[in-house]
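Peer 1: how would this look folded up:
(chains A and B)
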Amino acid sequence: MASDEIIGSDSPLTAEQRDVLAIVLDLIVPASVDGRRPSAADVDVLGYISASEPGTLTELRGELDQLDADARERHGEGFVALNADVRQALVDDIRAAEPGFMRSLAIQTVTCYYQDDRVLEAIGVEARPPFPKGYEVPSGDLTLLDPVRKRGRVWRET
Amino acid sequence: MADDIVDVLIVGAGASGAAVAWSLAETRMRIVCLEQGGWMNPAEYPSTGRDWETRAGKEMHPSPNVRKRPTDYPINDGESPIAIVNFNGVGGSTILYSAHFPRFHPSDFRVRTLDGVADDWPIDYFTLEPFFAENDSNIGVSGLAGDPAIPTHQPPLPHIPMGRMGETMGRGFNELGWHWWPSDSAIITRPHNGRDKCLNLGPCNTGCAQGAKSSADISYWPMAERAGVELRTHCRVREITVDDRDRATGVTYFDADGIEHHQRAEVVIVACNGVGTPRLLLNSTSARFPDGLANRSGLVGRNLMLHPWGLVVGHFDEPLKSNFGPQGCCILSQEFYETDTDRGFVRGYNMQITRGGPPVGTARGGIAQGAIPWGEGHHDAFDRLFGRSIHLGICCEDLPEEHNRVTLDPELTDSNGIPAPKISYTLSENSRRMLDHGSGKGAEAMAAAGAVKVQQIPSPLRMAGWHLLGTARMGTDPERSVVNEWGRSHDVRNLFLVDGSVFVTSGGVNPTTTIQAVALYIADSMKQRLANLFD
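Peer 2: So this is what the prediction gives:
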């Protein structure tokens, strides 16, 4: 199937590409062991990219297709059908050979992930915009400046 | 209306244009300011929404080449290791600045005398001192009196909170016996002139929704407009026109609909920053000024100074909540500000302690730098960075060199077809050594503060060309300067320049407080000479 062919939905990816993407997202940010932080596959990364970075979709499609094609070439079956260890090894190999491979996807993934309510709450940040509530920051201990005061003037006479 | 003659025409409504407009308003002259951008609406700034970190990197991106708002003009900075960053709108780049507000030192005005490099300014720190104070009071500046690295002054408002992060770095500097102090900040920590105090939203550099950051649109412009100054937005000036007596007659500009107008004026003041001002002068050619207006010295556009910027990041074991607080303001160290030739370079730098990144910023930086891996280790790596990182910026004094310059790009234009600026800039050996020294000392400071890991980021940082200085320098010799010691063009006696382009040297600190003090000083000089302004 051509990489830019879309079947029966408003998705910018084919069903096969979406399946590969879900696995890759989980490789980028898996769920935390304690279960408090979701996998990146469970936040709407594709929706984020479609809305905020649509210009990168062509690159993403190409990378997902490349991953699937490499899987078939090396292992005789598609990326989704591989077991977890083989998938990881394949992605590691490609990234080692091509350091830029899926770098943009990784950046977009964390950009979406760390604006998700569940994630923010899990890292101790209230899920709200900074304004209007703001944040409390302690003024600080000014006695720490005593040594600086004691040293005296340091600006240069002209 | 547009063909009426006005007494004073100001081009640009940013930090310097706003200050000059306010100062001259008391003369009751008819003053008009033309600004290519529009008014910003703080209710629409990114920090009012959940997606603020996404929006910060888009419509509020610091580079006009990335941001591409209709009011921006492109800049060809491909031949510079440092990209030009700015903002175009009422308030200019103060819309996005971090409001770190340290003053130049007295020595910054005497570099030839003290260190045998560049040139002395024709004015000194103490000439500007009353204008620093006037500006602090007008816009609202927070700080702590008694900093031993600068002549005594009293910031009108209490200092910005240091937080545990600032205390941690302060202890580190104390361990080394180095200078440090809470930074003067153009952020109000108490209600001031009808504006409410800072709430520590954090992303000051995407616009302040609270209105606590003293950007020129909400500090000077309300005062200037109340005093009768007329501000026309979405008016992009193409050129300054002149007569056969070498007097400016006004400007030609495009309105929001692209319609061309000519506005006549008795006095023209240019306040478009160290890139926009030479661009406008170089675009203003005529039979009497074939190489650009006010450019008989050949120095318009030359001596561009950008403050090469270094960065050291320290990671700490203990949670510091370093992601909270005004992004660019906390404490500074000026231990290495004044010249010590044993360091292998002349002049010096400021160390600016800035807050750790927000969630997305931390994750993106960690991924990009390899500090946060894919997969199993992601969460632990993120947790080690988030809220536990401190950034130390190194602002290096950039010495003037004529080959660093702004010219007109032969092909690139803005949306009105006006030739765009092209930047030619190379990093000097002195700056290279200073950056390396600063990076090493920054790492030393982080270690002394208890950092468990220190990253010395390759420098100069590219997206850091905020400080645009020196391209129409001030001086008493018409062959070696563009404007005289009070900002008037040597060649065109009713043309004044008031922004960072008139700086003779760059100092080693963020320049906006000094830019505004110089602008107020020039406006005051004009007021003192109104009877014989053109003699």
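
Peer 1: Going by C-alpha atoms from here, please, whenever you check contacts or count neighbours.
Peer 2: Will do.

Peer 1: Excluding covalently adjacent residues, which one is nearest to whichever residue of chain A sits closest to chain B?
Peer 2: Using CA to the nearest CA, the point where chain A gets nearest to chain B is A:Ser139, with a distance of 3.9 Å. In this structure, A:Ser139 finds its nearest non-sequential neighbour in B:Pro161, 3.9 Å apart by CA to CA, 6 or more residues apart in numbering or on different chains.

Peer 1: So, low pLDDT: which residues of chain A?
Peer 2: Low-confidence segments of chain A, defined by pLDDT under 70, span residues A:1-9.

Peer 1: so where's the longest helix in it?
Peer 2: When every helix of chain A is counted residue by residue (DSSP state H), the longest turns out to be helix A:57-75.

Peer 1: Quick check: next helix or strand after that helix?
Peer 2: helix A:84-97 (DSSP states H and E).

Peer 1: chain center to that following helix: distance?
Peer 2: In terms of CA atoms, centre = their mean, to the nearest Å, the centre of helix A:84-97 is found 17 Å from the chain centre.

Peer 1: Mind listing what's buried along that helix?
Peer 2: When burial is assessed from 16 or more other CA atoms under 10 Å in any protein chain shown, helix A:84-97 yields the following buried residues: A:87, A:90-91, A:94.

Peer 1: Tell me who's in contact with the residue in chain B that chain A sits nearest to.
Peer 2: Shortest chain B-to-chain A distance, computed as CA to the nearest CA: residue-wise this is B:Pro161, at 3.9 Å. B:Pro161 makes contact with A:137-140, B:325, B:330, according to CA atoms under 8 Å, 6 or more residues apart in numbering or on different chains.

Peer 1: just to revisit the earlier point, can you verify the residue nearest to A:Ser139 is assigned to a strand?
Peer 2: No - counting by DSSP: H, G, I helix; E, B strand; the rest coil, B:Pro161 is located in no strand; its state is coil.

Peer 1: in the chain, which spans are helices?
Peer 2: Looking at chain A here, since you left the chain open. Under the criterion DSSP H, chain A carries helices at the ranges A:15-28, A:45-52, A:57-75, A:84-97, A:103-113, A:117-122, A:146-151.

Peer 1: um, chain B though
Peer 2: In chain order, chain B shows helices spanning B:15-25, B:52-56, B:64-67, B:111-115, B:125-139, B:163-176, B:220-226, B:273-283, B:359-369, B:378-385, B:429-449, B:512-528, with DSSP H as the criterion.

Peer 1: Looks like B:Asp491 contacts B:Asp246 (just checking).
Peer 2: Yes - using CA atoms under 8 Å, B:Asp491 and B:Asp246 qualify as a contacting pair, with a distance of 7.1 Å.

Peer 1: B:Pro70 is in contact with B:His234, correct?
Peer 2: No - at 9.7 Å, B:His234 and B:Pro70 do not qualify as touching, with contact defined as CA under 8 Å.

Peer 1: who's more crowded, the two?
Peer 2: Set side by side, B:His234 and B:Pro70 show unequal neighbour counts under other CA atoms under 10 Å in any protein chain shown, the larger going to B:His234 at 22 against 13.

Peer 1: who touches the more buried one in this structure?
Peer 2: Contacts were defined as CA under 8 Å, 6+ apart; by that measure B:His234 touches B:34-38, B:71, B:255-256.

Peer 1: Phi and psi next, for it.
Peer 2: In terms of degrees, to the nearest 10, the main-chain angles of B:His234 are phi 60, psi 40.

Peer 1: how near is it to B:Gly89?
Peer 2: 8 Å (CA to CA, to the nearest Å).

Peer 1: Now for these two: what residues contact both?
Peer 2: Joint contacts of B:His234 and B:Gly89 (CA under 8 Å, 6+ apart) are B:35-38, B:71.

Peer 1: got JSON lines for those, with pLDDT too?
Peer 2: Conversion of those to JSON lines gives the following (pLDDT from 0 to 100):
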{"residue": "B:Glu35", "pLDDT": "98"}
{"residue": "B:Gln36", "pLDDT": "98"}
{"residue": "B:Gly37", "pLDDT": "98"}
{"residue": "B:Gly38", "pLDDT": "98"}
{"residue": "B:Thr71", "pLDDT": "97"}
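
Peer 1: Cheers, nothing more for now.
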